[in-house]
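Student: Just a sequence and a predicted model for now, questions to come.
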Amino acid sequence: MKYITTINDREYSVEILDERRVVVDGVCYAVDFESVSGQPVFSLLVDGKSYEAYIYDSDDALEVLLRGALYSAAVVDEREHRLRSAFGSGPTQSGEYYLKAPMPGLVIDVPVTDGQEIAEGDVLLILESMKMQNELKAPRAGVVSRIKVAVGESVERRQTLLSVV
């Protein structure tokens, strides 16, 4: 089956051939993808290279923490993608955006302030989880509003940390 995966406004065509092979944008990869002890931690081997990923299901996408970077991945099958394209359904770049914790952790740093203008990709917050520091970045440009956490505070998965308008 074919899927369209959108990561950071870039679309990838993904076709699952079998349990050990996938094709991404026409390139075939040998993969091994396993959950570690029933946790949201996954072991991923791609053409012999090993990766560890934390994957959480959010309201409208998968939140993937890979090599210290957080990605939001929206996955739809080919049919749904054609329907959305025909009817113009997609994420808006306006309105308030709520940055939510992709996992439980400890707030290490909040390098932004209320009212600060930010660009897409700016670091909004650093969250420590499982002894790794993770930079949570802005998905779009805007102005920081309502920072709801402080340095040293423990947060739960999906807890709202701050918002951007």
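Tutor: Yep, that arrived.
Student: burial of residue 16, as a residue count?
Tutor: If you count neighbours by other Cβ atoms under 10 Å, residue 16 ends up with 12. The C-beta positions use only the backbone N, C-alpha and C, and glycine is treated the same way.
Student: That one should be in a strand, yeah?
Tutor: Yes. The assignment for residue 16 by DSSP: H, G, I helix; E, B strand; the rest coil puts it in a strand.
Student: I'd like to know how far the residue nearest to it when sequence neighbours are not counted sits from residue 142.
Tutor: Counting by Cβ to Cβ, 6 or more residues apart in numbering, residue 22 is the residue found nearest to residue 16 once chain neighbours are left out, at 5.4 Å. According to Cβ to Cβ, to the nearest Å, residue 22 stands 35 Å off from residue 142.
Student: for residue 152, same thing?
Tutor: Counting by Cβ to Cβ, the gap from residue 152 to residue 142 is 26 Å.
Student: cool, residue 103 as well?
Tutor: 24 Å.
Student: residues contacting the closest residue to residue 117 other than its chain neighbours?
Tutor: Take residue 117 and drop its neighbours on the chain: the residue closest to it by Cβ to Cβ, 6+ apart is residue 143, 5.5 Å away. Neighbour list for residue 143: 115, 116, 117, 118, 164, 165 [criterion: Cβ atoms under 8 Å, 6 or more residues apart in numbering].
Student: Residue 143 belongs to a strand, doesn't it?
Tutor: Yes. Judged by three-state DSSP, residue 143 forms part of a strand.
Student: And this protein, split by domain according to the record?
Tutor: 2-87, 97-164 (automatic domain parsing).
Student: what about residue 22 and residue 142, which has more around it?
Tutor: Set side by side, residue 22 and residue 142 show more neighbours around residue 142, with 21 against 18, by other Cβ under 10 Å.
Student: Bridged to the more buried one, which residues?
Tutor: On the basis of DSSP bridges, residue 142 is bridged to residue 118.
Student: Just the buried ones among the contacts of residue 143, please.
Tutor: The neighbour-count test (16 or more other Cβ atoms under 10 Å) applied to the contacts of residue 143 identifies 118, 164 as buried.
Student: So which of the contacts of residue 143 is the closest to residue 6?
Tutor: Checking the contacts of residue 143 against residue 6 with Cβ to Cβ, the nearest one is residue 164 at 19.4 Å.
Student: Skipping its backbone neighbours, what lies nearest that closest one in space?
Tutor: The nearest residue in space to residue 164 (Cβ to Cβ, 6+ apart) is residue 142, at 4.1 Å.
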